[in-house]
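Chemist: Here's my sequence, what's the structure:
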Amino acid sequence: MDIRFPEVGICGLSCRLCPSYQTAAASRCRGCKSQERMAVGCPFITCAVKKTGVEFCWDCLQNAFCQKWRDHREAGKAHDSFKSYQKLGDDINFIQAKGIKAFDEQQRNRETLLKKC
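Modeler: Below is the predicted model:
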């Protein structure tokens with residue numbers, strides 16, 4: 001499978017803004033589409049990439065009916081302290097309105113600002 005946007009998670013999460021992605025420590029996460037994460041997997045890697053053959057949940061024909069993906073977005077908004085999870089639904093709406101390239105560019109700009117801070 002051709003991974004075109006490795007820093008955008010299958011569920012829509014921005015790897016670029018994740019503290020685990022930005023750390024220089026040995027525990028650094030290289031993103032959910034890295035070889036390590038693809039081998040370990042998560043429900044979204046297993047379903048979208050391995051079973052369905054799509055890079056993102058929103059590319060799946062069943063996305064409007066996927067309770068697991070809906071629950072993931074709602075749980076992040078309600079319970080997660082990680083800002084990228086809180087905004088996951090908004091980010092997905094942005095992607096669907098303006099496209100993945102525009103979202104990737106926006107995240108690159110935010111990553112630059114994060115590194116400057």
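Chemist: after the helix or strand bottoming out on mean pLDDT in the chain comes which helix or strand?
Modeler: The weakest-scoring helix or strand in the chain, judged by mean pLDDT, DSSP states H and E, is helix 83-86 (a mean of 70). Once helix 83-86 ends, the next helix or strand along the chain (criterion: DSSP states H and E) is helix 88-98.
Chemist: and stretch 94-102, how far from the chain's centre?
Modeler: Chain-centre distance of stretch 94-102: 13 Å, with Cα atoms, centre = their mean, to the nearest Å.
Chemist: ok, now stretch 70-90?
Modeler: With Cα atoms, centre = their mean, you get 11 Å for stretch 70-90.
Chemist: Can you list the buried residues in that stretch?
Modeler: H72, R73, G76, S84, Y85, K87, L88, G89 (16 or more other Cβ atoms under 10 Å). For the C-beta atoms, the positions are set from N, CA and C on the backbone; glycine is no exception.
Chemist: Kindly report the same for stretch 99-117.
Modeler: Buried, per 16+ other Cβ under 10 Å, within stretch 99-117: I100, F103, D104, Q106, Q107, E111.
Chemist: Just flag the most distant two among those residues.
Modeler: Pairwise distances across the buried residues of stretch 99-117 (Cβ to Cβ) peak at 15.9 Å, for the pair I100 and E111.
Chemist: quick one on the thing from earlier: can you put the buried residues of stretch 70-90 in a markdown table and add distance to L61?
Modeler: Below are the buried residues of stretch 70-90 laid out as a markdown table (distance: Cβ to Cβ, whole Å):
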| residue | distance to L61 |
| --- | --- |
| H72 | 18 |
| R73 | 18 |
| G76 | 23 |
| S84 | 26 |
| Y85 | 25 |
| K87 | 25 |
| L88 | 21 |
| G89 | 20 |
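Chemist: Just the closest of those residues to G41, please.
Modeler: H72 (14.8 Å).
Chemist: what's near enough to touch that closest one?
Modeler: Residues in contact with H72 (Cβ atoms under 8 Å, 6 or more residues apart in numbering) are C11, F44, L88.
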